[in-house]
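> Below: sequence and its predicted model.
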Amino acid sequence: MHGCNLFFKFRIGYILHSMKIFDISMDLHNHKGSAVRKLALAQIRLINSLVFVLIVLTGYTFEYSSAIMSLNPVVISSSVKQSATVIFLHGLGDSGNGWAEAMTQIRQPYMKVICPSASPMPVSLNQGFRMPSWFDLFTLDESGPEDECGIKEAAKLVHSLIDREIETSNIPSSRIALGGFSQGGALALYSAFTYNKPLAGVMALSCWIPLHKTFPAAAVGNKNMPIIQCHGDCDPIVPLKWGQLTASILKSFAKNTELKTYRGLMHSSSDTELKDLKKFLETVLPPV
């Protein structure tokens, strides 16, 4: 039997989501005093401020538009003529800043990267504490209730972001790939299957498929697109069984899915996983 070793790589996104946000959220869950809540909020604000400074210093750019202002996306332009776009959605408590570095490492020069940010909202799982979240979470039980309205509204935002990218960059939807980590990965899957134009593919990291009982009926498109699921076998937040259940559901109606598991990996990512994602993007978004 192998051990569940700490397999963290200390990149911005992983530090924010996997190591700090959930540690803070557990403090909030176990301590209801205002002093602890204020300290946790201050920690989150400090971390996000430091990330913002790092992003600016490393040259990432921000682009805003009225149509997607609420998403505050970090946009990393292609270094040569753009012919493809990758949209990546962060996990609970994180921001678009958190994954910009990793996406820059795995993209090709002709790929533009968009990392939107969820707005802060009360999260029921965290006793109503406000944090960036794509939709509300009630439980970590796969059979528990879900925020159906919130999930559908978040998917509409993602659809709007895709539509705007098609319009402004003049590239077809088939040259746009979605991806996400944890809650963001869940939203990426749901958004892709409920979008009525073909997409290049989806990267679903350490996540699940929301409203899984509504599938396959809820899938209006993209049943043939390539999907790569990545999951650590020691994930304590979104257990591997969630990923396996999602893989089983996807295979019932999607024709091109793959689940990759990573030995000893917790709720985070690794160099091996990023290499797999890079290969995936090179395959679904080849140069033209």
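Happy to help now that I have it.
> Quick one: the helices in the stretch 1-150 of the chain, in order.
For the stretch 1-150 of the chain, the helices defined by DSSP state H, counting those that start in this stretch cover 12-14, 22-30, 34-57, 97-106, 148-169.
> next one: the fourth one to chain centre, how far?
So that's helix 97-106. 12 Å (CA atoms, centre = their mean, to the nearest Å).
> Output that helix as PDB, restricted to C-alpha atoms.
In PDB, the C-alpha atoms belonging to helix 97-106 read as follows (Å, rounded to 0.1, in the frame of the first residue of the first chain):
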ATOM      1  CA  ASN A  97      -4.800  35.000 -10.700                       C
ATOM      2  CA  GLY A  98      -4.300  31.700  -9.000                       C
ATOM      3  CA  TRP A  99      -4.000  29.600 -12.200                       C
ATOM      4  CA  ALA A 100      -2.600  32.100 -14.600                       C
ATOM      5  CA  GLU A 101       1.000  31.000 -14.000                       C
ATOM      6  CA  ALA A 102       0.200  27.300 -14.500                       C
ATOM      7  CA  MET A 103      -1.800  27.900 -17.700                       C
ATOM      8  CA  THR A 104       1.000  30.000 -19.100                       C
ATOM      9  CA  GLN A 105       3.400  27.100 -18.600                       C
ATOM     10  CA  ILE A 106       1.300  24.600 -20.600                       C
END
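> avg pLDDT for it?
Helix 97-106 shows a mean pLDDT of 94 in the predicted model.
> likewise stretch 192-200?
pLDDT averaged over stretch 192-200 gives 97.
> Contacts for stretch 280-288 next, please.
By CB atoms under 8 Å, 6 or more residues apart in numbering, the surrounding residues in contact with stretch 280-288 are 83-84, 86, 106-108, 110-111, 175, 177, 200-201, 203, 225-226, 228. Using the backbone N, CA and C atoms, a C-beta is placed for each residue, glycine as well.
> what's the spacing between S79 and R175?
S79 sits at a distance of 17 Å from R175 (criterion: CB to CB, to the nearest Å).
> Of these two, give the one with the bigger neighbour count.
R175 (22 against 12; other CB atoms under 10 Å).
> For the closest residue in space to the more buried one that isn't next to it in sequence, give me its contacts.
Nearest non-adjacent residue to R175, counting by CB to CB, 6 or more residues apart in numbering: A84, 4.6 Å away. A84 makes contacts with 108, 110-112, 171, 175-177, 200, 285, as judged by CB under 8 Å, 6+ apart.
> Just list whatever residues bridge to A84.
As for beta bridges, A84 partners with M111 under DSSP bridges.
> Read off the pLDDT value for it.
99.
> how far away is it from A100?
A84 is 17 Å from A100, by CB to CB.
> Likewise for W208?
Counting by CB to CB - W208 and A100 are separated by 24 Å.
> So for these two, which sits in the more crowded spot?
A100 (28 against 23).
> Does the more buried one touch P116 like I think?
No - in this structure A100 lies outside contact range of P116 using CB atoms under 8 Å: 10.9 Å.
> Now for these two: what residues contact both?
With CB under 8 Å, 6+ apart, A100 and P116 have common neighbours V74.
> ok, so what distance separates the spatially most central residue of the chain from F215?
Nearest residue to the geometric centre of the chain (CA atoms, centre = their mean): G180, 2.2 Å. According to CB to CB, G180 stands 17 Å off from F215.
> before we move on, what about Q127?
Q127 is 31 Å from F215, by CB to CB.
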